[in-house]
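[1] output the structure for:
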Amino acid sequence: MTSLFRTSPLHLFQLARARPNRADRALFGKKSLLYGNRVSWAANKSRRRWLPNIQKKTYRSDLLGVTFRIPLTTYVMRCIDKWGSLDYYLLYTKDNDIDSQVGLDIRQMLLERYKEVNGVPFKRSEMRFKMRLERLAKSQMVKDNEINLKKKRMSVAANAGATSAAGKKVKKKVKKPKK
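    Here you go, the predicted structure:
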């Protein structure tokens with residue numbers, strides 16, 4: 001028995017949410033249009049839609065040596081800040097999360113350039129593992145620095161004894177017993 005609707009999973013995904021055409025020319029990061037009702041004080045309902053918060057921002061690609069002015073959502077801006085650069089965001093994000101033709105084109109250029117520079121193709125899982133190790137080493141280094149700083153402060157306080165801010169010895173006031 002054949003189905004009336006012959007759609008692939010990709011088409012079902014596209015039917016599941018509204019996706020504006022401008023999402024192909026921008027980085028939306030899986031954000032899309034939302035539909036609902038505007039409800040008045042008298043409980044009258046009229047249809048409305050919420051658009052994603054799109055901003056135009058200029059980013060420089062270190063690997064390509066090119067500057068891009070791309071419309072993107074504030075969600076993607078935060079993701080780029082988290083990853084550290086546009087290159088890292090596009091390289092480490094999955095294809096279906098990028099969800100934009102412009103993003104996929106830039107990503108393809110980055111992958112080709114990475115292969116030219118390093119001689120080996122980019123492998124996301126290996127690189128993410130290396131990044132995790134670097135992050136762990138960095139966090140351990142920060143913890144060690146904090147511990148050393150605390151020890152240093154404690155030793156300075158112990159060596160200083162009772163000194164004032166000017167470095168002079170301060171005599172402790174002794175209360176005399178009342179007669």
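
[2] any low-confidence regions in this protein?
    1-20, 159-174, 179 (pLDDT under 70).

[3] which residues of it fall in helices?
    Assigned by DSSP state H, the helices in the chain fall at 9-16, 74-83, 86-92, 95-98, 101-118, 124-160.

[4] what would these look like in CSV with distance to Asp24 and mean neighbour count?
    The way it works is simple: take the backbone N, C-alpha and C, and place the C-beta from them, glycine included. Shown next, in CSV, are the helices of the chain (distance: least, CB to CB, whole Å; neighbours: other CB atoms under 10 Å):
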stretch, distance to Asp24, mean neighbour count
helix 9-16, 12, 10
helix 74-83, 14, 16
helix 86-92, 15, 21
helix 95-98, 11, 13
helix 101-118, 4, 15
helix 124-160, 23, 10
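
[5] JSON lines for these, including distance to Ser32?
    Shown next, in JSON lines, are these (distance: least, CB to CB, whole Å):
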{"stretch": "helix 9-16", "distance to Ser32": "10"}
{"stretch": "helix 74-83", "distance to Ser32": "11"}
{"stretch": "helix 86-92", "distance to Ser32": "19"}
{"stretch": "helix 95-98", "distance to Ser32": "13"}
{"stretch": "helix 101-118", "distance to Ser32": "15"}
{"stretch": "helix 124-160", "distance to Ser32": "25"}
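
[6] of all the ones you listed, which one comes closest to Lys30?
    helix 95-98 (5.9 Å; CB to CB).

[7] since we're on the closest residue to Tyr35 other than its chain neighbours, how many residues are nearby?
    Counting by CB to CB, 6 or more residues apart in numbering, Arg49 is the residue found nearest to Tyr35 once chain neighbours are left out, at 5.1 Å. Applying other CB atoms under 10 Å, we find 10 residues neighbouring Arg49.

[8] would you mind measuring from Arg49 to Ala42?
    Separation of Arg49 from Ala42 (CB to CB, to the nearest Å) stands at 22 Å.
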